[in-house]
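Engineer: Fold the stuff below for me.
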Amino acid sequence: MRELEIEDVKELFREGVHQLVEYNTSGFLVWVPPSECFEYWKWAQPHLAEGHLPYLEDYPEGFVLSTSEWISDSGERLIVFSRYH
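Structural biologist: A predicted model of the protein is given here:
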C-alpha cells in the first residue's frame, strides 16, 4: 500500500489502472464499475485531501477523500478512496 497524491492517481489512470473502490467510515467497500471510473474520478477530485490534516469544512458536502494504491496477492492494482466525514 502507498498513499497517493492527485498526480499519482492521474498517472495510474494513464497506465490503465481502473479498478476503484471507496471505503467509508461505516466499514463498507463500494466497488466502482469500470465503466463509471472516469465519472467517479471527476466527482472525487474536489474532495481529495490536501495535506496531512485536512479540515472537513474546507471541502464540499463536509467530507474528504484520501487515496492509496493497493496491490492484491494476484498483482491486481486498486485505487482506494477512503471517505472521512
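
Engineer: Which helix runs longest in this structure?
Structural biologist: The longest helix of the chain (DSSP state H) is helix 6-15.

Engineer: So for it, mean pLDDT?
Structural biologist: Mean per-residue pLDDT for helix 6-15: 90.

Engineer: what about the following helix or strand past it, distance to the chain center?
Structural biologist: Using DSSP states H and E, the helix or strand that follows helix 6-15 towards the C-terminus is strand 20-23. Put simply, strand 20-23 sits 6 Å off its chain's centre (Cα atoms, centre = their mean, to the nearest Å).

Engineer: Past strand 20-23, which element shows up next along the chain?
Structural biologist: For strand 20-23, the succeeding helix or strand toward the C-terminus, using DSSP H and E, is strand 29-32.

Engineer: how much does the helix or strand following that following strand deviate in direction from helix 6-15?
Structural biologist: Downstream of strand 29-32, the next assigned helix or strand under DSSP H and E is helix 37-44. Per axes from the mean of the first three to the mean of the last three Cα atoms, to 10 degrees, the angle that helix 37-44 makes with helix 6-15 is 170 degrees.

Engineer: Show me what the longest helix of the chain is in contact with.
Structural biologist: With Cβ atoms under 8 Å, 6 or more residues apart in numbering as the test, helix 6-15 has contacts from 4, 37-38, 41, 45, 48, 67, 69, 77, 79. Every C-beta, even on glycine, is put in place using the N, C-alpha and C of the backbone.
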